[in-house]
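**Q** the sequence and its predicted three-dimensional model are supplied below.
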Amino acid sequence: MAEQGATLERTGVQRPRWLPQAGAKTEAAVQVLSPIALLLIWEIAARAGWVDQRFFPAPSAIVRAFWDAITTGVLLHHLKITLWRVLLGTLIGGVPAVLIGLAMGLWRWLRLTLDPIIAATYPLPKSALFPLLLLIFGLGEGSKVSMVAIGVFYLAVTNAMEGVLAISPVYFDVAKTFGARRWDVIRTVALPGAMPLVLAGLRLGVGTGLILGVLAEMLGARDGLGYLLWSAWQTFSVSSLWATLFVTAVLGFASVQLVDFLRRVLVPWQRTAGRR
Amino acid sequence: MHEALSEPRTAPVAQRDVVVRVRDVVKHFMHGRRQLCALDRVGFELREGRFLVIVGPSGCGKTTLLRILAGLERQDSGEVWMRPSRDGHPPFAMVFQEQSVFPWMTVRENVAYGLRLRRVRGRDIEERAAHWIRKVGLAGFERAYPHQLSGGMKQRVSIARAFAVDPDVLLMDEPFSALDEQMRTILQQEVSTLCEEQQKTVIFVTHSIDEAITLGDEVLVMTHRPGQVKRLIPIPFPRPRDVVEVRADPRYGELYEEIWGLIAEEVRRGPREA
Ligand SMILES: Nc1ncnc2c1ncn2[C@@H]1O[C@H](COP(=O)(O)OP(=O)(O)OP(=O)(O)O)[C@@H](O)[C@H]1O
Ligand SMILES: [Mg+2]
């Protein structure tokens, strides 16, 4: 114990000198420059005819298609619809999932009751449910939103539960010895302690929710980014296909960033991977 | 064995201001399919303001005993009693052997934790938290999160957190083992003085014989597993006590040898498994 404490004291505060001192600015620059480099190589390859322009049009052509789609308002229209579906689905799936997951972590009997149900249905590919959802909700918003919600739900619920279970028992002991009542324990130990995994679950859930949402739009919608992608294929407008793909990727990136932002606000005490 | 148990119990004046009473406590754990006896008829009594230090080989049940006293574990048989506090809150605070500082709270929030639960007035919370943060040498780190602290600093946070609630009884499980020599001596003096000035009753587990003699009014030496009371040794040094000066007392060496002999005997013998 004494030895461990002593070594912690030495290594915990400052990083070893031999590690490169990559500043935050350098890290940010690398993150911006690497995609730009990829785009440059692609542009050159397309213009030189190294790749088939029918499938891989030059980025400049994509930008032009992108610009057209923006200025006509088509892209934004569909983006807004997908955004709304993902947001709504995340709320409808995520909020109950986190509450149920936390409760499952806290109460053994609830875990014993629900865990087998979740474990049994979890391996089913969520996309396989879409025909059923179409039957239930029809072609309206319900089928798409519920598809997103289901994707978010599973990841959020299991991670929230694991978040509570992963809390070291000593923290519950500390709360108890200070006379914490049940609600005090939940408020001061279980909730904050589970928060890192709750947000990790949401992060994964939003990603999966977006995938399922776009997929559902391809199969059964008349609007949204998924629909736009599908119709671009059907009309063979490759540049517009790429432009929509780009927007979809940005949407995915942005939603993960949003969750990460939420994490920085809600879990300010966590060492992030970047700083480790 | 039996003299050690009955000796403190028969003192008639002791009965009145007894704060902690442990009698014939037995505790088993399931170790796989075998039963393992951690505590075997352990007993002692502690009057108000007394400082009891428990020493014994690793795995002899010291932590288990403290956890039973703290209500975190239930004994199989025997009696554990602690004088209730006047305000209905737990009459004790515990410093845990392992890292127990909440990672999701700042240093200040950690130290204020017990006070918050006791619904102490906001201004008093701030004052008392600040006071104890200063005492353990963490001024300037109020807003730091535990992952920004060293192991020893974290341990000081948990010490401050226990002291901040001003408990009648302090249960301390090797609280200073992760600290450097200077900080350990400073906090030893702090605990010693606190015990004297405010009549705190302390049960203190340590592996350090030096620490046991320096701090204790009595040193309880435990046997190897199953943990029994091997001997209860009174420490004759008067209070108030200077934790550095007592080491120069000629009786210090004798006590050290006596306790060392008892522990060495147990370590040589090893656990007596059923
Ligand atoms: N929750 C538990 N389940 C099973 N066995 C346990 C449990 N807690 C403690 N034990 C066993 O009880 C015995 C006493 O453990 P305890 O932690 O009280 O020892 P200790 O005297 O505090 O040791 P150390 O000085 O190393 O901290 C050990 O043999 C340990 O393996
Ligand atoms: Mg122990």
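**A** Noted; the coordinates are in hand. Ligands and ions are numbered 1, 2, ... in the order given.
**Q** in the stretch 51-200 of chain A, what residue is nearest ligand 1?
**A** residue A:169 (9.4 Å; Cβ to the nearest ligand atom). The way it works is simple: take the backbone N, C-alpha and C, and place the C-beta from them, glycine included.
**Q** what about that residue, how many residues nearby?
**A** 8 (other Cβ atoms under 10 Å in any protein chain shown).
**Q** could I get the buried residue list for stretch B:132-147?
**A** The neighbour-count check on stretch B:132-147 (16 or more other Cβ atoms under 10 Å in any protein chain shown) flags B:132, B:133, B:135, B:136, B:137, B:138, B:141, B:142, B:144, B:145, B:146 as buried.
**Q** ah, wrong one, I meant stretch B:169-184
**A** B:169-179, B:183-184.
**Q** of the residues you listed, which pair is most distant in space?
**A** B:169 and B:183 (23.7 Å; Cβ to Cβ).
**Q** please confirm that residue B:203 is located within a strand.
**A** Yes. Counting by DSSP: H, G, I helix; E, B strand; the rest coil, residue B:203 is found in a strand.
**Q** check contacts around it.
**A** For residue B:203, the contacting residues are B:20, B:46, B:52, B:54, B:66, B:69, B:169, B:170, B:171, B:172, by Cβ atoms under 8 Å, 6 or more residues apart in numbering or on different chains.
**Q** that one pairs with what?
**A** Residues in a beta bridge with residue B:203, per DSSP bridges, are residue B:52, residue B:171.
**Q** give me the neighbour count for residue A:106.
**A** 18.
**Q** I figured it hits residue A:190, correct?
**A** Yes. The criterion here is Cβ atoms under 8 Å, and residue A:106 meets it with residue A:190 at 5.8 Å.
**Q** how close does the residue located most distally from the centre of chain B get to residue B:170?
**A** Taking Cα atoms, centre = their mean, the residue of chain B most remote from its mean C-alpha position is residue B:33, at 31.6 Å. Using Cβ to Cβ, to the nearest Å, residue B:33 is found at 38 Å from residue B:170.
**Q** how about the residues of chain B near chain A?
**A** Contacts of chain B with chain A, taken as Cβ under 8 Å from any Cβ of the partner chain, map to B:67, B:70-72, B:89-90, B:92-94, B:96-100, B:102-106, B:113-114, B:117-118, B:145-153, B:155, B:165, B:174, B:177-180.
**Q** from the residues you listed, list the ones also adjacent to ligand 2.
**A** Restricting those to those within reach of ligand 2 (Cβ under 5 Å from the ion) leaves residue B:97.
**Q** which ones among the residues of chain B next to chain A lie within helices?
**A** B:67, B:113, B:114, B:117, B:151, B:152, B:153, B:155 (DSSP state H).
**Q** so the fifth one makes contact with residue B:178?
**A** It refers to residue B:151. Yes. With contact defined as Cβ under 8 Å, residue B:151 reaches residue B:178; the gap is 5.1 Å.
**Q** got a list of what residue 122 touches?
**A** Answering for chain A, as no chain was given. Counted by Cβ under 8 Å, 6+ apart, residue A:122 has contacts A:154, A:158.
**Q** look at chain B instead
**A** With Cβ under 8 Å, 6+ apart, residue B:122 has no contacts at all.
**Q** next one: it from chain A, what distance?
**A** Note on residue B:122: its distance to chain A, by Cβ to the nearest Cβ, to the nearest Å, is 17 Å.
**Q** can you tell me the closest non-neighbouring residue to the residue of the stretch 101-250 of chain A found nearest chain B?
**A** Distance from chain B to each residue of the stretch 101-250 of chain A (Cβ to the nearest Cβ) is smallest for residue A:192, at 3.9 Å. Spatial nearest neighbour of residue A:192, excluding adjacent residues (Cβ to Cβ, 6 or more residues apart in numbering or on different chains): residue B:104 at 3.9 Å.
**Q** which neighbours do residue A:106 and residue A:190 share?
**A** Common neighbours of residue A:106 and residue A:190 (Cβ under 8 Å, 6+ apart) are residue A:164.
**Q** backbone dihedrals for residue A:24, please?
**A** Dihedral pair for residue A:24: phi -60, psi -30, per degrees, to the nearest 10.
**Q** tally of neighbours for the spatially closest residue to residue A:121 that is not a sequence neighbour?
**A** In this structure, residue A:121 finds its nearest non-sequential neighbour in residue A:154, 8.0 Å apart by Cβ to Cβ, 6+ apart. Residue A:154 has 20 neighbouring residues, counting by other Cβ under 10 Å.
**Q** with residue A:218 instead?
**A** 18.
**Q** isn't it up against residue A:229?
**A** Yes. If you go by Cβ under 8 Å, residue A:218 and residue A:229 touch, sitting 6.3 Å apart.
**Q** who touches both of those two?
**A** Contacts common to residue A:218 and residue A:229, judged by Cβ under 8 Å, 6+ apart, are absent.
**Q** just the buried subset of the residues of chain B next to chain A, please.
**A** B:67, B:70, B:72, B:89-90, B:92-94, B:96-97, B:99-100, B:102-106, B:113-114, B:117-118, B:145-146, B:148-153, B:155, B:165, B:174, B:177-179.
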